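Q: Quick check, what structure comes out for this input:
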Amino acid sequence: MKSKNLSEKILRSVKSKGFKYIELPSVIEANHIVQRSGENFRKFMFSFTDINGKELCLRPDLTIASCLRYLEEELKGKEKIFYSGQAYRKVQNKKDSIIRNQVGFEIIGSKDEKNDDKEIINTSLESLQSIKYTKGTLTIGNVEIFNLLISKLNIPKRWKLRLIRHFWREKYFNDLLKRLETNSDVDPTIVEIDKKRYFKMLKEDLSKFIAGRSINEILKRFDNKIRDPRGASKGKKVSQIIKNFLKIKCPINKAAAELNKFFKKNKINLVVDQKYFPTSKNKISKLNVVFSASFGRQLEYYTGMVFKIDIKSKSKNRNIINGGRYDKLISDLGSEKQIPAVGAALNLSN
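A: The predicted structure follows:
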């Protein structure tokens, strides 16, 4: 898998699909990731400070480096690009390598979402022809469906925002569901701190501004939060709906039917068409194709279709390709406009 010949074969395959090769910088500014994309990358970044006091880091992710290039070079319109190189991440498991050799390809700035999603998956499948394996699984998910489900649930807006924001943090997300079930809105310690601040603010000038908001506005929002009714039984019911949704897993050609059955049973005003998914074939080459409602929690920046390909070769199972749609990433990195983007990366490290 580490051979130069394999990498070159894959690169030729991607190029034949009309993608243009680009070079990506190995070192990028850390603030692009931490301040704009969240702290989730901080834990595995190799960072350092230059002589001018600027924090830099080895690229932990080729996709972010590619999107930064699109932003900083002020590129416009559709781009079909591909690249190869190494990403550098700290690891918790000593058996894992800190260096990831990857080939990536993306479609940026195109509004033809469904066809672009299909093209990225088809390009991934074409790339697999250069790799020997006996069987495997193509798993497809969609973060957008999860977000739509949450938007329809009968819970306060702040809870909807929390659940959507922390979907990718599985352990913390499960803790949120437990709090939802028991009507424990927030950490009791935080509540007590907020109460002290609230009573202190009552004695201050209500027209005074803090962090861009008047004290009067802050107090009104706090009052609304206190008065927002939510019974424990309702929270428990909603939590169970979410848990049952995340258990949905089936052959891809049954995805729409299973989801619509779930929505109807739980009286949720949503309908999904089978055409919504990039394929309806249950078998592609040596791959079984499945839909998983819980898949898509690897990275915070995914916004729509997500997929992975796992293969078995020489009695060894390995994840070879990961990809998906990340329409908000470039705006999170600083763009004034939201720019559509979808891509995938092949991991050649093991």
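
Q: How much space separates K281 from Q274?
A: In this view, K281 and Q274 are 12 Å apart by CB to CB, to the nearest Å. Just so you know, the C-beta spots here come from the backbone N, C-alpha and C atoms, and that holds for glycine as well.

Q: anything in contact with each of these two?
A: Taking CB atoms under 8 Å, 6 or more residues apart in numbering as the criterion, K281 and Q274 both touch N253.

Q: Low-confidence bits of the stretch 151-300 of the chain, can you list those?
A: 183-195, 211-212, 223-233 (pLDDT under 70).

Q: all strands in it, in order from the N-terminus.
A: With DSSP state E, counting those that start in this stretch, the ranges of strands along the stretch 151-300 of the chain come out as 209-210, 213-214, 249-251, 283-284, 287-292.

Q: any chance of these in CSV, plus distance to K171 and mean neighbour count?
A: Compiled in CSV, these are given as follows (distance: least, CB to CB, whole Å; neighbours: other CB atoms under 10 Å):
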stretch, distance to K171, mean neighbour count
strand 209-210, 33, 12
strand 213-214, 32, 13
strand 249-251, 20, 15
strand 283-284, 33, 14
strand 287-292, 19, 20
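
Q: now for the ones you listed, which one comes closest to I311?
A: I311 sits nearest to strand 287-292 of all the strands of the stretch 151-300 of the chain, at 8.0 Å, using CB to CB.

Q: who does the closest one pair up with?
A: strand 135-142 (parallel), strand 249-251 (antiparallel), strand 283-284 (antiparallel) (DSSP bridges).

Q: Surely Q86 and R100 touch.
A: Yes - with contact defined as CB atoms under 8 Å, Q86 counts as touching R100 (6.4 Å).

Q: These two: which has the busier surroundings?
A: Between Q86 and R100, counting by other CB atoms under 10 Å, R100 is the more crowded of the two (20 against 16).

Q: and the helix or strand where the more buried one lies, what's its mean pLDDT?
A: In this structure, R100 sits in strand 99-108 according to DSSP states H and E. Strand 99-108 shows a mean pLDDT of 92.

Q: E79 is nearest to which of the strands of the stretch 151-300 of the chain?
A: Judging the strands of the stretch 151-300 of the chain by CB to CB, what sits closest to E79 is strand 283-284, at 26.8 Å.

Q: so what's Y301 up against?
A: S37, T63, Y326, K328, L329, D332.

Q: Hmm, which of the residues you listed is lowest in pLDDT?
A: S37 (52).

Q: Spatially central, which residue of the protein would that be?
A: Y302 (2.6 Å; CA atoms, centre = their mean).

Q: I figured it hits N322, correct?
A: No - applying CB under 8 Å as the test, Y302 and N322 come out as separate, 9.9 Å apart.
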